[in-house]
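Participant: fold the following and give me the result.
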Amino acid sequence: MLCHFDHAATVWYSCSSQSFKTKLQTTQNKLIRAVSKLHPRTHLDAVHFRKVSILKVENRAVQIKSGVAHKIVNKTAPPYLADLLNPKRLNLSHNTRGSLSNFIAMRFQTYFGKNTLAYTATCLWNELPMSLKLISNERSFKSNLKKWLPN
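Facilitator: Presented below is the predicted three-dimensional model:
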């Protein structure tokens with residue numbers, strides 16, 4: 001099921017309604033209970049998610065978008081994604097705390113613009129701690145990001 005969720009999640013998750021996101025989380029919770037052989041009404045907490053090594057739906061979407069940003073930063077993303085993020089270092093005449101690792105978020109007049117991959121990936125990347133941003137290995141980045149994200 002995870003492969004179906006991951007496919008194009010960078011695009012559709014941000015545009016989905018809250019009720020749809022709740023339904024996705026409910027479905028994931030049911031799967032975790034079934035796999036873990038728990039009673040259908042068992043409350044799930046972070047321990048249950050860690051046990052099956054799965055992030056909550058929202059955090060999985062964050063992980064996927066952050067992974068795209070990581071690939072862009074490390075120049076391993078497809079060429080058509082290269083211009084998706086706008087580095088601060090190209091736009092400043094001086095260095096600031098985040099100028100070497102952050103990006104400038106595009107400004108949008110509509111709510112829909114804030115759901116684009118360019119905007120959400122930029123905002124997510126800028127929120128990451130410097131220790132994560134400096135990891136160049138993709139597998140290591142994803143693993144450490146998964147530990148950093150709340151569950």
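
Participant: quick one: Q25 and E58 touch, right?
Facilitator: Yes: the pair Q25 and E58 passes the contact test of C-beta atoms under 8 Å, sitting 7.5 Å apart. Quick note: C-beta positions are derived from backbone N, CA and C, even for glycine.

Participant: give me the buried positions along stretch 62-80.
Facilitator: 62-73, 77 (16 or more other C-beta atoms under 10 Å).

Participant: again with stretch 115-134
Facilitator: 115-122, 124-126, 128, 132-133.

Participant: next: stretch 18-28.
Facilitator: Under 16+ other C-beta under 10 Å, the buried positions of stretch 18-28 are 24, 28.

Participant: could I have the CA atoms of that stretch written out in CSV?
Facilitator: Taking Å, rounded to 0.1, in the frame of the first residue of the first chain, the C-alpha atoms of stretch 18-28 are listed here in CSV:
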residue,chain,number,x,y,z
GLN,A,18,-8.7,17.4,5.6
SER,A,19,-11.4,14.8,5.6
PHE,A,20,-9.5,12.8,2.9
LYS,A,21,-6.3,13.0,4.9
THR,A,22,-8.2,11.8,8.0
LYS,A,23,-9.5,8.8,6.0
LEU,A,24,-6.0,8.0,4.8
GLN,A,25,-4.7,8.1,8.4
THR,A,26,-7.7,5.9,9.6
THR,A,27,-6.9,3.4,6.9
GLN,A,28,-3.2,3.3,7.9
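
Participant: inside strands: which ones of the buried residues of stretch 62-80?
Facilitator: Assigned to strands by DSSP state E, none of the buried residues of stretch 62-80 qualify.

Participant: center of this structure - which residue?
Facilitator: V62 (1.7 Å; C-alpha atoms, centre = their mean).

Participant: residues touching that residue, list them.
Facilitator: Neighbouring residues of V62 by C-beta atoms under 8 Å, 6 or more residues apart in numbering: 124, 149.

Participant: now, which of the buried residues of stretch 62-80 sits nearest K51?
Facilitator: Nearest to K51 among the buried residues of stretch 62-80, counting by C-beta to C-beta, is Q63 at 18.0 Å.

Participant: ok, the closest one touching L145?
Facilitator: Yes: counting by C-beta under 8 Å, L145 is a contact partner of Q63 at 5.7 Å.
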